[in-house]
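Peer 1: below: sequence and its predicted model.
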There are 6 protein chains.
Amino acid sequence: MAKMITLCEILIEFNALTSGPLRHVTYFEKHIAGSEANYCVAFTKQGNECGIIARLGEDEFGYNAMEWLRGKGVDVSHIKFDPAPTGIFFIQRHYPVPHKSNFIYYRKGSAGSKLSPEDVDENYIRSADLVHSSGITLAISDSAKNAVIKAFNNAKVRSLDTNIRLKLWSAEQAREIIMGVLKEYPLKFLITDIEDSRILVRESDPDAAVSKLSNYAEIVIMKLGPKGSTVYYEGKKYHSPGYQVPVEDVTGAGDALGGTFLSLYYKGFSIEKALDYAVVASTLSVMVRGDHENIPSTSDIESFLEEMKR
Amino acid sequence: MAKMITLCEILIEFNALTSGPLRHVTYFEKHIAGSEANYCVAFTKQGNECGIIARLGEDEFGYNAMEWLRGKGVDVSHIKFDPAPTGIFFIQRHYPVPHKSNFIYYRKGSAGSKLSPEDVDENYIRSADLVHSSGITLAISDSAKNAVIKAFNNAKVRSLDTNIRLKLWSAEQAREIIMGVLKEYPLKFLITDIEDSRILVRESDPDAAVSKLSNYAEIVIMKLGPKGSTVYYEGKKYHSPGYQVPVEDVTGAGDALGGTFLSLYYKGFSIEKALDYAVVASTLSVMVRGDHENIPSTSDIESFLEEMKR
Amino acid sequence: MAKMITLCEILIEFNALTSGPLRHVTYFEKHIAGSEANYCVAFTKQGNECGIIARLGEDEFGYNAMEWLRGKGVDVSHIKFDPAPTGIFFIQRHYPVPHKSNFIYYRKGSAGSKLSPEDVDENYIRSADLVHSSGITLAISDSAKNAVIKAFNNAKVRSLDTNIRLKLWSAEQAREIIMGVLKEYPLKFLITDIEDSRILVRESDPDAAVSKLSNYAEIVIMKLGPKGSTVYYEGKKYHSPGYQVPVEDVTGAGDALGGTFLSLYYKGFSIEKALDYAVVASTLSVMVRGDHENIPSTSDIESFLEEMKR
Amino acid sequence: MAKMITLCEILIEFNALTSGPLRHVTYFEKHIAGSEANYCVAFTKQGNECGIIARLGEDEFGYNAMEWLRGKGVDVSHIKFDPAPTGIFFIQRHYPVPHKSNFIYYRKGSAGSKLSPEDVDENYIRSADLVHSSGITLAISDSAKNAVIKAFNNAKVRSLDTNIRLKLWSAEQAREIIMGVLKEYPLKFLITDIEDSRILVRESDPDAAVSKLSNYAEIVIMKLGPKGSTVYYEGKKYHSPGYQVPVEDVTGAGDALGGTFLSLYYKGFSIEKALDYAVVASTLSVMVRGDHENIPSTSDIESFLEEMKR
Amino acid sequence: MAKMITLCEILIEFNALTSGPLRHVTYFEKHIAGSEANYCVAFTKQGNECGIIARLGEDEFGYNAMEWLRGKGVDVSHIKFDPAPTGIFFIQRHYPVPHKSNFIYYRKGSAGSKLSPEDVDENYIRSADLVHSSGITLAISDSAKNAVIKAFNNAKVRSLDTNIRLKLWSAEQAREIIMGVLKEYPLKFLITDIEDSRILVRESDPDAAVSKLSNYAEIVIMKLGPKGSTVYYEGKKYHSPGYQVPVEDVTGAGDALGGTFLSLYYKGFSIEKALDYAVVASTLSVMVRGDHENIPSTSDIESFLEEMKR
Amino acid sequence: MAKMITLCEILIEFNALTSGPLRHVTYFEKHIAGSEANYCVAFTKQGNECGIIARLGEDEFGYNAMEWLRGKGVDVSHIKFDPAPTGIFFIQRHYPVPHKSNFIYYRKGSAGSKLSPEDVDENYIRSADLVHSSGITLAISDSAKNAVIKAFNNAKVRSLDTNIRLKLWSAEQAREIIMGVLKEYPLKFLITDIEDSRILVRESDPDAAVSKLSNYAEIVIMKLGPKGSTVYYEGKKYHSPGYQVPVEDVTGAGDALGGTFLSLYYKGFSIEKALDYAVVASTLSVMVRGDHENIPSTSDIESFLEEMKR
């Protein structure tokens, strides 16, 4: 069993029960979220182990997240409680762009943003096969960024999802900091998409972008939304096409893809097969509200693939 | 800022929470509706001003509509309360025809149908750039029809959506009265569709129908449902294609289109651009229950269009 | 097994999902209602048989009521469909008076009000042990009133619930017509309450009222809301006290009481015991939305009474 | 009016309110189900008559099913109550395969499985034009299977839907018993699909399968899911294509198809027209939760077909 | 018609749909709140006029509040939009203390807290008969406090609800600032309760507390929760007892009381009668979720009182 | 920190969303339940540790229970998966007796009933300060009963809640088996109520019953529903009265009481204080659906008690 450790802000998600502008939404459904937490659930779901280093508010929302993630089998032993409130966000779905979601964040000064190097136990980091984080954690605070850097310093293997959120920092800041990390800490896995690539390496063509990004990572995954995903490694390129399904909420789909890929890779799957499976995980995840509730087990992915062959 | 005045019956809509025949629907969701009220919200949403001349019942449903429309920024100063009950209707969705809705009305003798010429303040009418009504208001009662006629008599510019509802009058009555109004009161804007054209001018081909209808209006908009819409003016014709989105309820989609078009026209948009934007408004409006809750602002329409270009 | 026939307007009830003024209620729950229909369900629930003479609209709501009542075991063979719409009403709960409900009716010109003497099959009436109607049916239309009169003319035994609804007629009209019926058609059972007594015989003291009303009926039941109910017969008086329970909606509580009493009376229960059981039926019925869904079977009433003895 | 009698287990269905794995579903919606009960509702819906021979538990769920089916116009006079509990099942929707449903059954030892030859009144059977059952009833218990055999022995005309549920028996058992019944009791109608054909006659090509199955039945209907359905009779073959609609739950779609086909056949429709209509019934039935709530009347099917022609 | 102006933070309230600790609450219902906004709605509801000086975030929640309050008839002409996010809070109901609510706030740095003296138009203030604010607005920021002071400086008449929230400031800060304002700006109306009195004047006996507080205000209202309320003025004391009703959420009950009292006072009611009516408003307001949706009109209060007399 | 181990059947609870007979309930809410599992959550909630020995079905419901209990901090290391289905039950609330609940079980042959002595690891048992089980586990199967006996044989301290469910066994069987266990395995803690006492020692007076039961246990807790609870020990008796609160569902209230009492006893609380706190836990637990979601922490109990002192 492989072990991954992620550093992140765990958030409480309030997902609109109906689509359209939030002013007209009356009911909100609570879920547990956070990009790397989703990665962690996906990683665990495929039969590996995953721990989270994070801070939660010492409030009902923080307790909620702790209980939920422990229930999902995540190693929560390195999640601390902090006096600041647990970060939250609201999801507006399918408006103004159908099949896209928009967020309103309440995470400034949150417990999650208090994540700091002192939370990173070097021995814990060294016990893991893989350390993963994202552009979000690099953006939420200096201390959080430094926590990631400390973890990367001690990691056997590093993985990063670029996940640029322009509500958290400017494109310039994102480029400077993420590229700085890439240059300093060569990755084994880099997960990104077209929008982020345009910001980071000023290329909107996937191949062109990866030709630059692959200087910093052995394996680059380019997420393409409903079109599926392409993986680049050792000069090779493999595309796994997406599936057309009814979309409830796309939030977390990329995390489902990334976390499933990493876990199956460590299970010994070929990169191509791991990506094929990961695209299924991503596909199913958009069919429900909740970032990771629909992430399938390996055998559920196989049921899906078998049906598609018919 | 342009000002439009509409004459209409404001209705309370009880939309089925689930689709299928109403006997199997247990929960109904309350919304505020009425074709020209939807026009008014759409017109206001694009940054112009709109007032309604109408009567509401002096009951909780009437108060509800008044508060809602005032909240949306509509000028409600010419809405009166009447002892008759507020008209209501129920929506059955996706049955027996998927992506279509059927109505059960309780509006006979309603407060809305008491609308009469005495409610039409000529000075108020003259203060507006544009007066709009529809075939529904012509159908609900003689006094309502006469109110429209009085307003049209005093209007700077006239607009009409044919909106024939065969539960309110026969095809023959509809043709006689609407064509009578068209002949007497030349329009600047006529909004219609294939079914109505077949009744009014006995043509089911859009071009053929418009060649007849354009005798009565400078600008004719032919609504084509999910296929988009075509505008005819000065002998020209421009088609704006529709978008495929998941359909929750199509009720009000034509009003979203018409109201958005009129407002953007008065904002100075070209007719073509106004129609392109209006089709987006119409598209988004079918994605939720509620006739006008999903009508987008101009900038939200632009977000939609930008995404489509990618 | 005894058989009762009732004449009534069957209504579709839209009960507010939340309490407070209807303008702030978004969701409504559909139920089948109508005072004498509730009586009929209660009568059937105690193991006797009951048929309804009524008209329903030929629409989804009418079909709904027909299927529901047939499902409950009611004899629906004398319910006709009529082109007019099925009558409906909305319930506002706990506002402005806690534990009371207010109604908004849409029943003017309804199918139910088209009930007429031609719907009353004299042989069917004669087949019944008992014919029951209420002040509501007397109020909704002349033809409905005449249907009741025709049925009363042919009835073995007559029962009437005064049920005065001041939204349907004035106090004067109610008094004139109901007292007229009472004088012409001596009843075996009269079910009434303080408000109605005040209107009918200008007495607000129960005993004083009954001393007048008992001229027209052998058995008079005075409903006292949460305080229970008192029955008067052969110069005797028996009071059955109410029970304190959380109130969801009181609509239909009196019908549950009356229908249960009549049925158990025909089952051979003593008048006192029948009333005790009927008060339990009434008590349970206020705990849910829906007029008759919570009407208990005889054995469920006994479970309740047994628990109260502890 | 034709009369059909079906033998079956009536089940209570708890349908997931949201899609995804049941562990993440909090709310379940209760419906009445059971394959042949669905057939019966569909048969009745087209204006014929249908009775059910079955056992229900003497509990709230059993009473519920009894009231519901009586309400729908089903002849429930041969449904008995049994001390065992009413069988139930849960539906997991769209996971792990989108547009498919999975079931968790609680029906072992249920009242429904106690169905036995003693429940089959030979005179009742002989009064029917047609007796229908399915592989499910053959699978639930020996006594239920024997009840079907007794009914088939006395039936004027026999119909069977193969409906193999591998949670109830193995493929081998299914083949042995169903093929045994087919050999002994020649059918007029056999309704099946590809998966069942593969088990029964080891053919996955529709034509090849039917060439074997048509030895046992005059008319064979091959259900093809969203692709529609093909009917084979007198050496002829007619395919009726499916329609693309949003899928809520596919459970019961085949029953809607089969029951509608049989009923319209007895109404005198040609086999081709009956199948065209049946495919519409099946199409509408997948748009809602609930196995038979969306089964359309003949005239609603015609509204659908008319719209499709436009 | 009297006019009141209030200064406040308008908040979006997310009320738990079910009671108990928030970690176990899945659904939240959105409402518009804020103590002085509630006062304003209550003031308006009794037929007077009320304006709000405040800032809202330029986001869907801010637009929502603006539309809602405009709909309720509030003068929103002095509400500004600010780039900071709209403040929000969550309500946990009936836990750990039944009939009490707890809050989780996300309002630090909110748009509401940006309220500042520059938002206070002195002419607008002078146009009002009455200026009202609360301890909350004094607590949220220095600029907001200064805005209140500027308004009080220009006010004809001043009113203050102490409303101490210990999540916003310490008891010491609350005492220092509120008592400072009281000393500087003599009030006509002071609304408070036992907990606040204990903090402000270190008295927990109502009479003792008021004997100190009445140095700063002509009329002091002591809110006593379910026990009702007591008013002190000109050396007199009048107690209006509460009513026992089912409690959904007590949030906003004191605002309903205060706003109704002030409005009826200006309507010319005696102080005693105004308080009796205000206690009814407060009573009804606890029966629903939503701070001010259940605030009754004067005539609804009278219906309540009439029923109580029976 | 003390450690308790319980043996039990973990069940999935489907709680009626509305009260009344289940035939009229459409929606059911899923919760995790099982008497000793509730004890375990309560025990854990007060800051001690608790493990469960049980079997769950290898299905979505079993996974659900496992994740939920792990999330709540329960030691799930000794819960096994079994091929039989996870046991479930439905709750009918407030009918036919207000404030009481009735159950429909589907647990015959369930995974939970497969609990057997082989599941009981003697070393695990010896690691605990306390072993707890109930009459339910003694009733569900012989193997489960033998598992309890094996655990009791190896337990440092034994606790039993009599919990007689007459749907699982007869009164005679319950008496014989429970009294047999009591005689063989002297308890430290016996938790029971009047109904169970009547069956076990044929006494319905609490004191009389305990005078017999105290032969088998050092500390006897007599649960008295809304009246609170009485504890008997060392010849002493202490009564802790109940609190009147709105009742949503009483299921699990006794478990909340017992588990909280045991945990606080091991925390070093006096027996009297532990009972006072336990009664609060029981009181809060009836205010929501879900057996243990509302079990309070020690400090939440103190907030409750503090409020009551006011």
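Peer 2: Right, received. Where do you want to start? Since the structure is predicted, the reported quantities are computational estimates derived from the model, not experimental observations. Numbering: from 1, shown residues only, chains lettered A, B, ... in the order given.
Peer 1: give me the distance between the two termini of stretch A:188-198.
Peer 2: The first and last residues of stretch A:188-198 sit 21 Å apart, counting by C-alpha to C-alpha, to the nearest Å.
Peer 1: that stretch near chain B at all?
Peer 2: No - judged by C-beta under 8 Å from any C-beta of the partner chain, stretch A:188-198 makes no contact with chain B; its nearest approach is 9.0 Å. In short, each C-beta sits where N, CA and C put it, glycine included.
Peer 1: give me the distance from that stretch to the chain's centre.
Peer 2: Remark: stretch A:188-198 is offset 12 Å from the chain centroid, using C-alpha atoms, centre = their mean, to the nearest Å.
Peer 1: before we move on, what about stretch A:188-199?
Peer 2: Using C-alpha atoms, centre = their mean, the mean C-alpha position of stretch A:188-199 is found 12 Å from that of the whole chain.
Peer 1: name the residues that touch it?
Peer 2: Contacts to stretch A:188-199, defined as C-beta atoms under 8 Å, 6 or more residues apart in numbering or on different chains, come from residues A:130, A:132, A:135, A:157-164, A:171, A:174-175, A:182, A:200, A:203-204, A:206, A:209-210, A:213, A:216-225, A:254, A:257-258, A:261-262.
Peer 1: mind checking which of these land in strands?
Peer 2: Taking DSSP state E as the definition of strands, those contribute A:130, A:132, A:158-161, A:217-223.
Peer 1: need the nearest residue in space to the closest residue to chain B within the stretch 51-200 of chain A, chain neighbours excluded.
Peer 2: Across the stretch 51-200 of chain A, the shortest distance to chain B (C-beta to the nearest C-beta) belongs to residue A:96, at 3.7 Å. Using C-beta to C-beta, 6 or more residues apart in numbering or on different chains and skipping residues adjacent in sequence, the residue nearest residue A:96 is residue B:300, 3.7 Å away.
Peer 1: residue A:224 now?
Peer 2: Using C-beta to C-beta, 6+ apart, the closest residue to residue A:224 is residue A:230 (6.6 Å).
Peer 1: the one you found: neighbouring residues, count only.
Peer 2: Around residue A:230 there are 19 other residues, counting by other C-beta atoms under 10 Å in any protein chain shown.
Peer 1: quick check: it vs residue A:221, distance?
Peer 2: Look at residue A:230 and residue A:221: by C-beta to C-beta, to the nearest Å, they are 8 Å apart.
Peer 1: so who does residue A:162 touch?
Peer 2: A:134, A:135, A:178, A:190, A:191, A:192, A:193, A:196, A:197, A:200.
Peer 1: could I get the buried residue list for stretch A:264-282?
Peer 2: A:264-267, A:269, A:271, A:274-282 (16 or more other C-beta atoms under 10 Å in any protein chain shown).
Peer 1: tell me which entries of those residues lie within helices.
Peer 2: A:264-266, A:271, A:274-282 (DSSP state H).
Peer 1: let's have these in CSV, adding pLDDT.
Peer 2: As requested, those are exported to CSV (pLDDT from 0 to 100):
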residue, pLDDT
A:264, 98
A:265, 98
A:266, 98
A:271, 98
A:274, 98
A:275, 98
A:276, 98
A:277, 98
A:278, 98
A:279, 98
A:280, 98
A:281, 98
A:282, 98
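Peer 1: could you export the residues you listed as CSV, including distance to chain C?
Peer 2: Below are those laid out as CSV (distance: C-beta to the nearest C-beta, whole Å):
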residue, distance to chain C
A:264, 44
A:265, 48
A:266, 48
A:271, 50
A:274, 46
A:275, 44
A:276, 44
A:277, 41
A:278, 40
A:279, 39
A:280, 37
A:281, 35
A:282, 34
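Peer 1: and the contacts of residue A:162, which is closest to residue F:42?
Peer 2: Nearest to residue F:42, judged by C-beta to C-beta, of the contacts of residue A:162 is residue A:134 at 38.9 Å.
Peer 1: what is that closest one paired to in the beta sheet?
Peer 2: Per DSSP bridges, the residues bridged to residue A:134 are residue A:161.
Peer 1: re earlier: give me the pLDDT for the residue nearest to residue A:96.
Peer 2: What the model reports as pLDDT for residue B:300 is 98.
Peer 1: can you pull the phi/psi pair for it?
Peer 2: Residue B:300 adopts backbone torsions of phi -70, psi -40, taken as degrees, to the nearest 10.
Peer 1: any idea how far the residue lying closest to residue A:234 once chain neighbours are set aside lies from residue A:159?
Peer 2: Distances taken as C-beta to C-beta, 6+ apart put residue A:218 closest to residue A:234, at 7.9 Å, once the chain neighbours are dropped. Distance, residue A:218 to residue A:159, using C-beta to C-beta: 10 Å.
Peer 1: overlap in contacts, those two.
Peer 2: In contact with both residue A:218 and residue A:159: A:187, A:188, A:189, using C-beta under 8 Å, 6+ apart.
Peer 1: residue C:110: which of those is nearest?
Peer 2: Closest to residue C:110, out of all of the shared contacts of residue A:218 and residue A:159 and judged by C-beta to C-beta, is residue A:189, at 68.6 Å.
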